[in-house]
Structures are given as C-alpha cells and as structure tokens.
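*Asks:* Quick one, what's the 3D model for this:
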Amino acid sequence: MVTWSLDPLLTLTFSQEVGQSAFNNSVMAYAYIALLLISFSYPIFHRIFLKHSNAYRKLGDDSSSTQLVVLHHFVEALLLGGLTPFFTNAMVVFNFQVHGLDVIKNKTSKIMCFSITILTMYFMEISSRYQKPRFIILFHHSITAIDGILVGLFPTSVMMKTAAILVYFICFESLLFVGLVMYRLFPDSLITPRVVFCGMVYFAATRPLQLLWVGATIFGSWNDTVKWQAIVQLIVTLILTTVQVFSLKIHYFIFKRCHAKQHGNTEKTLEGTVDSIQIAA
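*Replies:* Predicted coordinates for the structure are as follows:
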C-alpha cells in the first residue's frame, strides 16, 4: 500500500549509499547513450524536414541559421515532452511517497538520468548557437549548467533535491517549443497562436509551483544542511524563475503577431515585436 507524506520532501536526507547510486556505472553509461542519441537526432530531423517541409527549406536562406534554431526547438519539444510523464513519476514517488532504500536508490538513479539528458540538450544548444548567440538563452542555460556542476562537486541532499526540482520543471517548456516550431513552419495556421498561448499558460502555471517546491525543500532541511548551499540554490531558483517569466514576454509578442497576421492587422503589431521575436530565435 502506497503511503503519501510530505516527510520525504521536507526531511529526507541522502545517505552515502543513495548518493552513490546517482553516480553509478549505469547512470554514466546512460549519459553516454543520451549524448549519442541526441547528437544523431539533429542531422536525422534536418534531413526529414528538408524532404517534407517547404517552409523549413526556405529558412536555409537565412544567414542567421534559423534552421538550426528550429531543430533545437523541435528536439527540445520532443525530448521534454517524452520525459515529462516518466520524470513526473520519479519525482512524485521520491518526494511524496514513503519507500524503502531500494526504491529511493532506483528513483534517484532515474532522476539523475533524466537530468543528465536535459543538461546534455542544453550543452548542445550552447555550443551550436554561436553565430548569433542570444544573451537570455546563454545566461539561462549557463546558470543551469553551473548548478549541475555544483551538484557534482557537492552531492549533498539539499543540492541534489533542489537541482532535481529545477531540472524537472524544465519539462514544462515543451509546449512552448512546440509553439516556436509551429511559428516557423506553420505561421499561417489557425492552430499556431493557440498552441503558443497554451504553452504560455502551461509554463506560467508551473512557475509558482517550482518556487514553492524548492522553498519547501530548503525550509524542511535547513537545520540538517550546509547553509551556503541552501542559500545558493534559493538564489539560483529565483534567478532562473525570473528569466523564465521574462521569456514569456517574448512568446506573448509571437502570439500577438500570429494572431494579428491572421486577422489582417500585422502592421499594427509588427512594430516593436521584431527584436523580441529575434531573441526567441
């Protein structure tokens, strides 16, 4: 019988055995496989889009490598959307159910695998979008990557639990990326602005939950953890949440542009939105 409780979220402390399970040989092998599969996904989807999408082929004439942007958004949407149910299961079981050591170790390994996959995706985007790097993207991805490095250097309970929460909530960007892909490939579709809007609502609704979840973890383990680590994770959470909320302004401009275009009012909304749309690219 499953026992639901807030105790794992608030008071669970990693033993050395649990911490080691997050960095075992199976997890490292998974990380290598994830790197390999994600690397091959870009050329594969590039060829598929070239063959089947006229809009994608036209983007190849753009010197800003918009095709690469579309590829990134598509892979991110596919990856995050596919991971969401499995990541959610692992996070719920780990944080809100009482289980024995074996289950905790198993869920810790899975959370680590999912987190490594998402961070790998971020590293690839940082390394490939070098022609016209967007500050907001580089800043957000860099902060996330640095936080991942800190977890590797200081694999304590508060660091691993809060970092896992932050990476998990990246999954809720999936619908935003679907909207960005549709904006590039299906700009005239009636569905595009609706998907962009739904993505904004879906993503925005989870930001307070992200703050609450991290705050509860830090509050519950405050007396049993290194204080500077808890403070650093709280600051990182506030920075990332602020950047994420700010990015919604970009998606809102895209939504307005798509909506206005379909109603013949493009000129009224075009002014002041081009730069924002370029940031989103």
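
*Asks:* contacts, neighbours, all on C-alpha from now
*Replies:* Fine.

*Asks:* count of neighbours near the closest residue to residue 162 other than its chain neighbours?
*Replies:* Using C-alpha to C-alpha, 6 or more residues apart in numbering and skipping residues adjacent in sequence, the residue nearest residue 162 is residue 214, 5.6 Å away. Number of residues near residue 214 (other C-alpha atoms under 10 Å) recorded here: 24.

*Asks:* Repeat that for residue 219.
*Replies:* Residue 219 has 14 neighbours, counted by other C-alpha under 10 Å.

*Asks:* Which secondary structure state is assigned to it?
*Replies:* Here residue 219 is helix, with the state taken from DSSP: H, G, I helix; E, B strand; the rest coil.

*Asks:* Run through the residues that contact the nearest residue to it once chain neighbours are set aside.
*Replies:* With sequence-adjacent residues excluded and distances taken as C-alpha to C-alpha, 6+ apart, residue 219 is closest to residue 10, at 7.3 Å. Listed by C-alpha atoms under 8 Å, 6 or more residues apart in numbering, the contact set of residue 10 reads 216-221.

*Asks:* any idea how far the residue nearest to residue 162 is from residue 163?
*Replies:* According to C-alpha to C-alpha, to the nearest Å, residue 214 and residue 163 sit 9 Å apart.

*Asks:* pLDDT score for the residue nearest to residue 162?
*Replies:* Looking at residue 214, its pLDDT reads 96.

*Asks:* Correct me if wrong, but residue 139 is in a strand.
*Replies:* No - applying three-state DSSP, one finds residue 139 to be helix, outside a strand.

*Asks:* Can you list the low-confidence ranges for the protein?
*Replies:* The chain contains residues with pLDDT under 70 at 15-17, 20, 62-64, 264-281.

*Asks:* Do a quick rundown of the helices in it.
*Replies:* Listed in chain order, the helices of the chain (DSSP state H) span 7-11, 16-21, 25-52, 54-59, 66-96, 101-128, 135-153, 157-168, 174-185, 191-220, 227-262, 266-270, 274-280.

*Asks:* Quick one: residues contacting the nearest residue in space to residue 193 that is not next to it in sequence.
*Replies:* Spatially, and ignoring its direct neighbours in sequence, residue 193 is nearest to residue 255 (5.2 Å; C-alpha to C-alpha, 6+ apart). By C-alpha under 8 Å, 6+ apart, the contact set of residue 255 is 193-194, 196-197.
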